[in-house]
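> sequence first, predicted coordinates after that:
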Amino acid sequence: MAKASPISVDDARTTQILDAAVEVFLRFGFRKTSMAEVARAADLSRQGLYLHYPAKDDLFCAAIAHVLATSLAEATTLLEDASLGLEARLCAGIDAWLGRYVGVFGTDTSDLGSAVERLAADEVAKHVAAFRNRVGKVVRGSGLAKAYRPAKLTAKQLTGALCDTAAGLKLKCATRDEFRTRLNAVVRAWCLPLRETR
């Protein structure tokens, strides 16, 4: 097995900055977040932050890319975990992708969606497609598509409906625990035909 390469000081510093930026953007929204506030949260001088990210738009794009990449990596690991049953894999993977920030937004964050649309729409679309592909791979490999064949639903349709339902739940739930509970019920219902064929 190959040895994992150590994280460099620069990588660790970048991760620290981006984690702090995500926290501050979630608390204050895009417009009200200042570079000074992010620098404070990252335990860095404002000038030091500007050396990494010369403008708030640059920092925001990097923070969004960081969130998407880390969420997708965690979701992928869980979706591919053969030690988990189908329902557990789907619940854990979808929660890692969508549940992480349920209930943590501040009161002034309504502008985050428009900032994402303006600055990072392509990055989001690319990661959403990658996540759906990973869920689709699980659905195809599970036999679930075969169980739904009498209803004339394809693996792609099942995947899309499951992901869309989970995304809707994310908007309806006040806490991550509520999201997990409701997601679990959806996934159990989705997987019922597979259970009934055994």
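It's in.
> quick one, what contacts the residue nearest the centre of the chain?
Centroid check for the chain by CA atoms, centre = their mean gives Trp97 as the closest residue, at 3.0 Å. Each residue near Trp97 by CB atoms under 8 Å, 6 or more residues apart in numbering is listed here: Ser71, Leu72, Glu74, Ala75, Phe131. C-beta here means a position set from N, CA and C on the backbone, and glycine is covered the same way.
> for Ala174, which three-state class applies?
coil (DSSP: H, G, I helix; E, B strand; the rest coil).
> no no, Phe131
Assignment for Phe131 (three-state DSSP): helix.
> for Ser71, see how far away it is.
Distance of Phe131 to Ser71, given as CB to CB, to the nearest Å: 8 Å.
> pull the helix or strand with minimum mean pLDDT from the chain.
helix 144-147 (a mean of 88; mean pLDDT, DSSP states H and E).
> where in this protein is pLDDT low?
1-10, 196-198 (pLDDT under 70).
> can you give me the helices in it?
9-32, 35-41, 46-52, 56-79, 86-94, 112-119, 121-142, 144-147, 155-172, 176-196 (DSSP state H).
> please save the CA atoms from the shortest one in CSV.
Listed next in CSV are the C-alpha coordinates belonging to helix 144-147 (Å, rounded to 0.1, in the frame of the first residue of the first chain):
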residue,chain,number,x,y,z
LEU,A,144,-32.8,-1.4,-7.3
ALA,A,145,-33.3,-0.4,-11.0
LYS,A,146,-34.3,-4.0,-11.8
ALA,A,147,-36.8,-4.0,-8.9
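> which parts of it are buried?
Residues of helix 144-147 classed as buried: Leu144, Ala145, Ala147 (neighbour count, 16 or more other CB atoms under 10 Å).
> list just the nearest of those residues to Ala185.
Ranked by distance to Ala185 (CB to CB), the buried residues of helix 144-147 are led by Leu144 at 16.7 Å.
> give the contact list for that closest one.
Listed by CB under 8 Å, 6+ apart, the contact partners of Leu144 are Leu86, Ala155, Leu158, Trp190, Cys191, Pro193, Leu194.
> just checking, the fifth one touches Leu86?
Yes: counting by CB atoms under 8 Å, a contact exists between Cys191 and Leu86, whose distance comes to 5.9 Å.
> on that earlier part again, any of the contacts of Trp97 buried? List them.
In terms of neighbour count (16+ other CB under 10 Å), the buried residues within those are Ser71, Leu72, Glu74, Ala75, Phe131.
> distance of Leu153 relative to Arg27?
Taken as CB to CB, the span from Leu153 to Arg27 is 41 Å.
> still on that earlier bit, could I get the contacts of Leu144 in TSV, plus columns for distance to Ile17 and neighbour count?
Shown next, in TSV, are the contacts of Leu144 (distance: CB to CB, whole Å; neighbours: other CB atoms under 10 Å):
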residue	distance to Ile17	neighbour count
Leu86	38	18
Ala155	40	20
Leu158	39	21
Trp190	39	19
Cys191	40	19
Pro193	47	17
Leu194	44	17
